[in-house]
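Visitor: When you get a sec, could you give me coordinates for this:
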Amino acid sequence: MKKILMLLPVAFLFVFMSCNSGESYKMETFYSNNKGDGDTTMTSKTNTITAVTDSIAWLKAEEAFNSTKSKSDDKDGMPVKFTLRDKNDVIVEGPGGISPQDKELMYPNQTP
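Guide: The predicted structure is shown next:
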């Protein structure tokens, strides 16, 4: 009986950790690639981020974006911006929110 009681907290810990592992977010980083003939193209790459809350996911995405910006040998071009979407494909805004004017400038052709 004592062994069962000793294993019960361990089992509870595993269940708790599996339930709070977080949700999956999709981070899309946009790159500006300047070709030699003066033409510039935009490309994007998608990564998956796992976090418990939207704010933590945003901070992880911002850290990954800043890390990408600091690399000078990036073959994809210059990182320009990133977007973060939750499991329902809704854009997650940064902590503190973004004003409607800034959002309009950042995403001029996007509909909610």
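Visitor: a helix runs through Ala61, doesn't it?
Guide: Yes. Under the criterion used here (DSSP: H, G, I helix; E, B strand; the rest coil), Ala61 sits inside a helix.
Visitor: Next, count neighbours for it.
Guide: 23 (other C-beta atoms under 10 Å). Quick note: C-beta positions are derived from backbone N, CA and C, even for glycine.
Visitor: That one touches Glu28, doesn't it?
Guide: No. In this structure Ala61 lies outside contact range of Glu28 using C-beta atoms under 8 Å: 9.5 Å.
Visitor: residues shared between the contacts of those two?
Guide: Counting by C-beta atoms under 8 Å, 6 or more residues apart in numbering, the shared contacts of Ala61 and Glu28 are 82, 84.
Visitor: gap between Leu59 and Asp76?
Guide: Here the criterion is C-beta to C-beta, to the nearest Å. By it, Leu59 lies 23 Å from Asp76.
Visitor: For the chain, which segments count as strands?
Guide: Secondary structure of the chain by DSSP state E: the strands cover 23-34, 40-51, 78-85.
Visitor: How about the second one, which residues are buried there?
Guide: When neighbours are counted by 16 or more other C-beta atoms under 10 Å, the buried residues of strand 40-51 are found to be 47, 49, 51.
Visitor: I'd like those written out as CSV, with distance to Asp86 and pLDDT added.
Guide: Below are the buried residues of strand 40-51 laid out as CSV (distance: C-beta to C-beta, whole Å; pLDDT from 0 to 100):
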residue, distance to Asp86, pLDDT
Asn47, 14, 93
Ile49, 10, 95
Ala51, 10, 94
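Visitor: now, which of those residues sits nearest Lys71?
Guide: Asn47 (14.5 Å; C-beta to C-beta).
Visitor: Return the distance of the closest residue to that closest one other than its chain neighbours relative to Lys75.
Guide: Nearest in space to Asn47, with sequence neighbours left out and distances taken as C-beta to C-beta, 6 or more residues apart in numbering, is Met27 at 4.8 Å. Between Met27 and Lys75 the computed distance is 19 Å (C-beta to C-beta).
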